[in-house]
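[1] A predicted structure for the sequence below; I have some questions about it.
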Amino acid sequence: MATLRASPYSLTYGTLVQAIVSAENSLGSSSFSQVNTVGATIQTVPTQMGAVSINYAGSSLTTLAVTWSALTGD
């Protein structure tokens, strides 16, 4: 979020951010995900991201579900 708050973006707190993602490994790149239509609002600039963990129950051969704890800081 610090990058989005800085120039050239200069987004303000409360701005809705939507994203698409793609993964890459030694076999190549995945296709892009659908846009996150819910988005996320910029609420704080975190000092450190929480630990990431794989959600094995939500993952498959073509999908990887990850979760992480809430961001902290500012």
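    The structure has been received and is ready for your questions. All values reported here derive from a predicted model rather than from experimental measurement. Numbers count the residues shown, from 1 in each chain.

[2] Flag the shaky bits of this protein, pLDDT-wise.
    1-2, 45-47, 49, 70-74 (pLDDT under 70).

[3] Pull the contacting residues for the most centrally placed residue in the chain.
    The chain has Ala19 as the residue nearest its centroid, 7.5 Å off, counting by C-alpha atoms, centre = their mean. Shown in contact with Ala19 (C-beta atoms under 8 Å, 6 or more residues apart in numbering): Val35, Asn36, Gly39. C-beta coordinates here come from the backbone N, C-alpha and C atoms, glycine included.

[4] Nearest to Ile54, out of those: which one, please.
    Checking the contacts of Ala19 against Ile54 by C-beta to C-beta gives Asn36 as the nearest, at 19.2 Å.

[5] quick one: what helix or strand has Val35 in it?
    In the assignment (DSSP states H and E), Val35 maps to no helix and no strand.

[6] So which of the contacts of Ala19 is the closest to Gly14?
    Within the contacts of Ala19, the smallest distance to Gly14 is 11.5 Å, found for Gly39 (C-beta to C-beta).

[7] Can you get me a residue count around the closest one?
    Using other C-beta atoms under 10 Å, Gly39 has 11 neighbouring residues.

[8] So Arg5 is in contact with Gln43, correct?
    No - applying C-beta atoms under 8 Å as the test, Arg5 and Gln43 come out as separate, 11.1 Å apart.

[9] between those two, who's got more neighbours?
    Shown here are Arg5 and Gln43; by other C-beta under 10 Å, Arg5 has more neighbours (15 against 12).

[10] hmm, back to that, out of the contacts of Ala19, which is nearest to Ser10?
    Nearest to Ser10 among the contacts of Ala19 is Gly39, at 17.9 Å by C-beta to C-beta.

[11] who's in contact with that closest one?
    So Gly39 contacts Leu16, Val17, Gln18, Ala19 (C-beta under 8 Å, 6+ apart).

[12] Kindly reformat the residues you listed as JSON lines containing secondary structure and distance to Thr67.
    Shown next, in JSON lines, are the contacts of Gly39 (DSSP: H, G, I helix; E, B strand; the rest coil; distance: C-beta to C-beta, whole Å):
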{"residue": "Leu16", "secondary structure": "strand", "distance to Thr67": "22"}
{"residue": "Val17", "secondary structure": "strand", "distance to Thr67": "19"}
{"residue": "Gln18", "secondary structure": "coil", "distance to Thr67": "20"}
{"residue": "Ala19", "secondary structure": "coil", "distance to Thr67": "17"}
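
[13] Thanks a lot, catch you later.
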